[in-house]
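Asks: A predicted structure for the sequence below; I have some questions about it.
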Amino acid sequence: MKQLQSKRRILSGYVFCALVAAVPLIICSKSSPLYPFNDWPDVNMFFTMGKGMLHGRVPYMDLMEQKGPYVYAIGAIGYLLSPKGFQGYFLFELISMFCFIFYAYKTIRLYSENPALWVLPFLSAGVVAAKSFVHGGSLEELSLGIFAYAIYSLLLHLRSEEKKTMPAVTLAVNGMWAGILFWSKFTLLGLYIAWIMVVALEALWKKRWREFICSIAIFLGAMSAMTIPWLIYFGAHGAVVDWLKAYLWDNIFGYAQWNGSLLQKFQTAILNVLRSLKDSRNGTYSILTVGGTLFYACCPAKKVTWKEKIAVACMGLFMGVGIFVGETKHDYYGLPLSVFVIFGGIGLVMLSGGLAEWLRAWLKGAAGIVYAAFLVLLAGVCTYAAYRISPNTYLLAMEQEQMPQFRFAERIQESSDRSVLNYGFLDGGFYTVLEVVPSERAFCVLNRNPGEILEEQNRYVRERRTHFVVTWRAYPVSREELLQFPVVSEYYELVDYLYFEFEGGIRTYALYERRKEH
């Protein structure tokens with residue numbers, strides 16, 4: 001009977017983790033089915049690149065973008081599941097958020113035998129409501145589940161009373177994820193550098209030479225194996241040089257800023273970490289993150305060993321420096337730091353002591369029902385708070401026809417020639433809604449070398465390569481100004497324009513059609 005009750009508790013814990021992960025995400029991510037469309041340029045670029053791969057276009061050679069190929073693989077799978085939207089892509093967000101909450105719960109239970117489910121709504125809602133969450137679907141968001149597993153697996157090893165070696169499977173799995181992150185966005189690799197460093201140094205400290213060598217070999221072997229699929233893919237298309245140049249060389253020496261000494265770079269990175277955490281709109285997770293890690297660091301050694309404290313400090317430090325060392329900074333860069341909100345959960349559970357158990361004993365037979373009702377109510381309150389705070393929810397339940405992507409698509413689909421160029425700005429989602437593959441390599445302007453890319457796009461416009469051109473301005477622009485749009489208006493005529501909100505400001509979207517007289 002006790003065994004059956006234990007299994008029911010475990011199952012109910014899994015169900016609650018899934019509930020806490022899914023509901024706030026459905027409310028606050030623009031990729032959710034509740035939203036008409038995710039108009040964030042980055043996620044549309046991932047989607048466009050993945051779609052292009054499935055239609056024979058080779059990343060970096062045929063289509064220009066700057067992330068790693070695993071990001072485009074996710075976009076390709078999302079396209080297969082949902083060709084004109086992000087419902088398929090949203091599955092990856094759900095999986096990542098579930099893994100984040102699940103391993104957060106397991107990590108918290110390493111430090112307390114008391115039920116910790118009640119802290120989970122704070123962690124989930126706090127992350128998705130933050131400014132750093134941006135629109136939903138960022139690689140930083142998809143990495144949260146991976147990072148949570150890394151933290152859990154390392155602390156589980158360090159807290160093991162049997163002092164066994166790190167299991168080969170754990171080393172291989174973490175090495176695999178490190179390899180995937182390296183070929184997705186290598187600036188996210190900092191936590192894993194610290195992770196394997198802690199494992200290796202612990203083996204050295206104990207003078208386990210064989211364990212030291214094997215740990216590094218297994219981790220690096222699994223990490224390197226994640227390169228093989230792309231060596232085969234790009235090798236088969238004769239694009240290995242394009243891949244390595246665009247993703248590694250150009251990102252390291254073209255996109256990042258490397259002025260100043262290493263010490264200055266380190267100081268700047270730390271300051272950017274602090275600024276991200278200090279931002280009041282990230283307070284939904286940063287308060288628990290900072291407070292929790294400080295509490296964790298100050299815990300007595302009998303509860304938290306120095307090895308564990310050093311391991312967490314190294315993972316946080318290496319992650320922060322890795323993300324911000326290039327000095328380029330966007331709002332979503334700080335989101336991976338939110339994984340350390342786990343330690344805020346640990347602090348809350350430790351400080352609450354046996355309160356939950358005392359309540360159960362006092363309520364006696366009704367404890368299970370009342371506690372379950374309390375958890376559901378708490379999850380609802382936290383989700384509602386996330387809904388009120390999130391910068392994304394202004395689009396919730398909006399009609400698709402109100403968005404420029406769908407309004408322009410309707411006009412473009414009336415033409416026998418549906419070719420379109422996303423001119424002068426990041427991918428606005430028009431390729432996604434139209435379900436078309438861009439015909440030109442510079443299908444949108446990127447943050448890296450925007451002037452050079454715009455000049456390439458100007459050449460496309462002068463040669464009238466596409467039937468339609470979509471442009472935007474990051475502020476309201478009059479019709480008269482749009483009629484005199486530089487370069488574009490010489491070869492295309494304005495057929496529609498729309499003012500629409502994006503990231504707190506009003507943008508001007510304009511659609512041009514090729515002039516018949518040319």
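Replies: On my side now, so go ahead.
Asks: Correct me if wrong: residue 69 contacts residue 243.
Replies: Yes - in this structure residue 69 lies within contact range of residue 243 using C-beta atoms under 8 Å: 7.2 Å. Heads up, the C-betas are built off the backbone N, CA and C, glycines and all.
Asks: got any residues that touch both of these two?
Replies: Jointly contacting residue 69 and residue 243 under the rule C-beta atoms under 8 Å, 6 or more residues apart in numbering are 59, 230, 234.
Asks: could you dump those to a markdown table with distance to residue 491?
Replies: Output for the shared contacts of residue 69 and residue 243, formatted as a markdown table (distance: C-beta to C-beta, whole Å):
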| residue | distance to residue 491 |
| --- | --- |
| 59 | 29 |
| 230 | 38 |
| 234 | 35 |
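Asks: Could you identify which of these has the most neighbours?
Replies: residue 59 (27 neighbours; other C-beta atoms under 10 Å).
Asks: Beta-bridge partners for that one, please?
Replies: For residue 59, the beta-bridge partners are residue 63 (DSSP bridges).
Asks: Hmm, residue 72 and it touching each other?
Replies: Yes - using C-beta under 8 Å, residue 59 is in contact with residue 72, at 5.6 Å.
Asks: Could I get the contacting residues of residue 172?
Replies: Shown in contact with residue 172 (C-beta under 8 Å, 6+ apart): 218-219, 221-222.
Asks: now, which of the residues you listed sits nearest residue 15?
Replies: residue 222 (31.9 Å; C-beta to C-beta).
Asks: gap between residue 504 and residue 22?
Replies: 27 Å (C-beta to C-beta, to the nearest Å).
Asks: Out of those two, name the residue with the larger neighbour count.
Replies: Applying other C-beta under 10 Å to residue 504 and residue 22 shows that residue 22 carries more neighbours, namely 17 against 7.
Asks: Not counting sequence-adjacent ones, nearest residue to that one?
Replies: Leaving out its chain neighbours, the residue that sits closest to residue 22 by C-beta to C-beta, 6 or more residues apart in numbering is residue 94, at 5.9 Å.
Asks: element containing that neighbour?
Replies: helix 87-109 (DSSP states H and E).
Asks: Over to residue 169?
Replies: Per DSSP H and E: helix 168-182 holds residue 169.
Asks: for residue 494, same thing?
Replies: strand 492-502.
Asks: how far out from the middle of the chain is that strand?
Replies: Taking C-alpha atoms, centre = their mean, to the nearest Å, the mean C-alpha location of strand 492-502 is offset from the chain mean by 30 Å.
Asks: Sheet partners, orientation included, of that strand?
Replies: By DSSP bridges, strand 492-502 pairs with strand 505-514 (antiparallel).
Asks: Just give me how far the partner strand sits from the chain centre.
Replies: For strand 505-514 - counting by C-alpha atoms, centre = their mean - the centre lies 28 Å from the chain centre.
Asks: pLDDT below threshold where in the stretch 1-150 of the chain?
Replies: By pLDDT under 70, the low-scoring segments of the stretch 1-150 of the chain are 1-8.
Asks: The stretch 301-450 of the chain too?
Replies: 327-328, 353-368.
Asks: go again using 90 as the cut-off
Replies: Low-confidence regions of the stretch 301-450 of the chain, defined by pLDDT under 90, span residues 301-302, 325-330, 350-375, 397, 447-450.
Asks: So residue 25 sits against residue 34, correct?
Replies: No - at 10.4 Å, residue 25 does not count as touching residue 34 under the criterion of C-beta under 8 Å.
Asks: buried set for the longest helix anywhere in the chain?
Replies: Using DSSP state H, we find that the single longest helix of the chain is helix 2-28. Using 16 or more other C-beta atoms under 10 Å as the test for burial, helix 2-28 gives 13, 16-17, 19-28.
Asks: ok, now stretch 302-311?
Replies: 304, 307-311.
Asks: List the contacts of it.
Replies: Stretch 302-311 is contacted from outside by 111, 154-155, 158-159, 194, 198, 202, 296-297, 299, 350, using C-beta under 8 Å, 6+ apart.
Asks: Sort out which of these are in helices and list them.
Replies: Those of the contacts of stretch 302-311 lying in helices (DSSP H): 154-155, 158, 194, 198, 202, 296-297, 350.
Asks: Now which of those residues would you call buried?
Replies: The buried subset of the ones in helices among the contacts of stretch 302-311 (16+ other C-beta under 10 Å) comprises 154-155, 158, 194, 198, 202, 296, 350.
Asks: and which of those residues is nearest residue 456?
Replies: Once C-beta to C-beta is applied, the member of those that ends up nearest residue 456 is residue 194, at 39.9 Å.
Asks: Is the closest one in contact with residue 318, as I believe?
Replies: Yes - counting by C-beta under 8 Å, residue 194 touches residue 318, with 3.9 Å between them.
Asks: which stretches of the stretch 351-500 of the chain form strands?
Replies: Ranges of strands in the stretch 351-500 of the chain, per DSSP state E, counting those that start in this stretch, are 420-422, 468-473, 492-502.
Asks: Thank you kindly, that will do.
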